[in-house]
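> Prediction below, plus the sequence it came from.
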Amino acid sequence: MTAADVVVAGAGPAGSAAAHVLASAGLQVLVLERARFPRDKSCGDGVTAHAVDILTGMGVSFDAFGRQAVKTYGGLIGAPNGDAFLAQAPPHNGKPPECWVVPRMVLDERIAQAAVRAGAQLRQGALVTGLVRRRGAVEGVEWSDGGGVNRTAARIVIGADGAHSAVAKALRVKNSPPRHLGYALRGYFADVRELSGELEIYYFDAGLLPGYGWIFPTGPDTANVGVGIYSGELKRSKRKLRDILSAFVTSVPRVTRQLQSARPTGKAVGWPLPVSSAHRRTTFDGAMLCGDAASLVDPLTGEGIYTALVSGRSAAHAAIEALKSGDTSSFALRAHDREWRAIAGGYLSSGRLLKNLAKSPVLMNLIVRRGRENGYYASRAIGYGLGTLDRRRALRSIVMRALFNPSFFRN
Ligand SMILES: Cc1cc2nc3c(=O)[nH]c(=O)nc-3n(C[C@H](O)[C@H](O)[C@H](O)COP(=O)(O)OP(=O)(O)OC[C@H]3O[C@@H](n4cnc5c(N)ncnc54)[C@H](O)[C@@H]3O)c2cc1C
């Protein structure tokens, strides 16, 4: 049996962020990744400003992506009644907030390279199949590279292996109930016209709210196009995600024009969105979960790269402290939970409340109308969505207006 201080399952944003912190602290880290880079991951490819900040801190240079990435500063929001506004988000850390669209085929390899540069060992084509345990505590992983079962002993195992996490399954974590699960489908298109150059989000179908369709620019005339819908609304609609994607393209006149002469480049790929309202357990004796494996996707937007990075880093910080003290119990590892909650807990819990408000077509129509009428509201709505503004203020402001300025809500 080989050995490492920490084994990380999965080299997505969560696993690579964890490995980067651990290796930078001088620990022996082995990252086991099922795929081989460059590998795709079904995603909108939108990297928001708070995720860009973390990645830049890890040494991932967005300018170095060249034509493989597009910088955006704001968004277009479309309402169920067809109304829309386009706005930039308010400044973030004193600068216009820089969001990027980078295909995950490119982005994830760069993040993994940052971890390797810091000293992590990355083993590709290595599928984690189970955990090694002694008296209930995790003491390593079982994995396969196609040539039989290998075992690696580890003082701590970090499960960063995504929405279908094998580590979470081995820890007997239940799948998220349907109301805490979304599904999203994404395709790439070439020869797209009239792109705004910003992140375009359309709440196009009142019956599917808070689900939405998006067009994110991946170049001057290429785009990532998709839909993300909660499991409940999807089931009630009795439609397939693929049909909903087609309906999105044909039912929004602007999107129809944009994609009129466009051609798909590859097959549309779907994937689950395990949202944070599931409150999944994230610490165990000798193991932690982070990113999608911990069900940490933002309930409002479906954004998960930021929380994957935050929780990958918090798992690594907790591991470093636990290894120093020699206590790797679930109790000691709760520092992981405390850290990601302190950083992203408010953003996620207010995202859950805002998502419930976004189920109302009346409210969505009104918000978009107010945004179109008033640049200040428009800019703030974009900031709340992108997480560059504190969303708890959005909730407070909605409550205050309802109490003291109810005319705001009149059509
Ligand atoms: C269609 C769609 C659109 C989205 N759009 C956005 C967006 O625009 N912006 C945003 O921020 N988020 C978006 N998300 C969410 C985002 O993609 C995820 O939240 C994010 O990728 C989570 O990162 P992660 O590292 O936890 O997991 P992943 O990115 O899924 O990485 C997990 C890694 O583990 C590997 N792995 C899996 N199983 C094993 C195993 N058994 N052994 C070894 N390795 C394994 C996988 O190959 C993968 O490399 C979207 C999701 C979907 C489905």
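Cool, got the structure. These numbers come from a predicted model, not from an experiment.
> and the residue most central in space within the chain, what does it touch?
Compute the mean C-alpha point of the chain, and by Cα atoms, centre = their mean the closest residue is Gly304, 1.2 Å away. Gly304 makes contact with Leu273, Gly291, Asp292, Leu296, Val297, Asp298, according to Cβ atoms under 8 Å, 6 or more residues apart in numbering. C-beta here means a position set from N, CA and C on the backbone, and glycine is covered the same way.
> Apply 6 Å and report the result again.
By Cβ atoms under 6 Å, 6 or more residues apart in numbering, the contact list for Gly304 reads Asp292, Val297.
> residue boundaries of the helices in the protein?
Applying DSSP state H to the chain gives helices spanning 13-24, 49-57, 104-118, 166-170, 231-237, 241-251, 253-258, 305-325, 330-340, 346-357, 361-373, 375-386, 391-404.
> which residues touch the fifth one?
This points to helix 231-237. Helix 231-237 is contacted by residues Pro178, Arg179, Leu181, Leu208, Gly211 when judged by Cβ under 6 Å, 6+ apart.
> run the last query once more with 8 Å
Here helix 231-237 makes contact (Cβ under 8 Å, 6+ apart) with Pro178, Arg179, Leu181, Gly182, Tyr183, Gly207, Leu208, Leu209, Gly211, Ile229, Leu241, Ile244.
> And for the fourth one?
The contact list for helix 166-170 (Cβ under 8 Å, 6+ apart) reads 9, 127-131, 141, 157, 159, 161, 280, 287, 289, 293-294.
> how deep is Arg155 tucked in, by neighbour count?
20 (other Cβ atoms under 10 Å).
> That one touches Gly286, doesn't it?
Yes: if you go by Cβ atoms under 8 Å, Arg155 and Gly286 touch, sitting 7.3 Å apart.
> and for these two, which residues touch both?
Shared contacts of Arg155 and Gly286 (Cβ under 8 Å, 6+ apart): Glu139, Thr328.
> before we move on, back to that, roughly how far apart are the residue nearest to the centre of the chain and the ligand?
2 Å (Cβ to the nearest ligand atom, to the nearest Å).
> what do you get for Val102?
Distance from Val102 to the ligand, counting by Cβ to the nearest ligand atom: 10 Å.
> So that residue is in contact with Lys71, correct?
No: using Cβ under 8 Å as the test, Val102 is too far from Lys71 to be in contact (9.8 Å).
> Show the average pLDDT along stretch 215-234.
The average pLDDT within stretch 215-234 is 97.
> Now do that stretch: distance to the chain's middle.
Centroid separation for stretch 215-234 versus its chain: 14 Å, with Cα atoms, centre = their mean, to the nearest Å.
> Go through the lowest-mean-pLDDT helix or strand in the chain and flag the buried ones.
Ranked by mean pLDDT, DSSP states H and E, the helix or strand of the chain with the weakest confidence is helix 391-404, at a mean of 78. Across helix 391-404, burial judged by 16 or more other Cβ atoms under 10 Å covers Arg391, Ala394, Leu395, Ile398.
> Same check on stretch 151-166?
Buried residues in stretch 151-166, counted by 16+ other Cβ under 10 Å: 152, 154-163, 165-166.
> which two of the residues you listed lie the greatest distance from each other?
Across those, the longest distance by Cβ to Cβ is 26.5 Å; it joins Arg155 and Ala163.
> Quick one: neighbours of the closest residue to Gly187 other than its chain neighbours, just the number.
Leaving aside its chain neighbours, Gly187 sits nearest to Ala268 (3.6 Å; criterion: Cβ to Cβ, 6 or more residues apart in numbering). With neighbours defined by other Cβ under 10 Å, the count for Ala268 comes to 18.
> Now do the contacts for Ala268.
By Cβ under 8 Å, 6+ apart, the contact list for Ala268 reads Leu185, Arg186, Gly187, Gly226, Arg242, Leu245.
> tell me which of these is nearest to the ligand?
Using Cβ to the nearest ligand atom, Arg186 comes nearest to the ligand of the contacts of Ala268, at 4.0 Å.
> That closest one bridge partners, please.
For Arg186, the beta-bridge partners are Gly226, Val269 (DSSP bridges).
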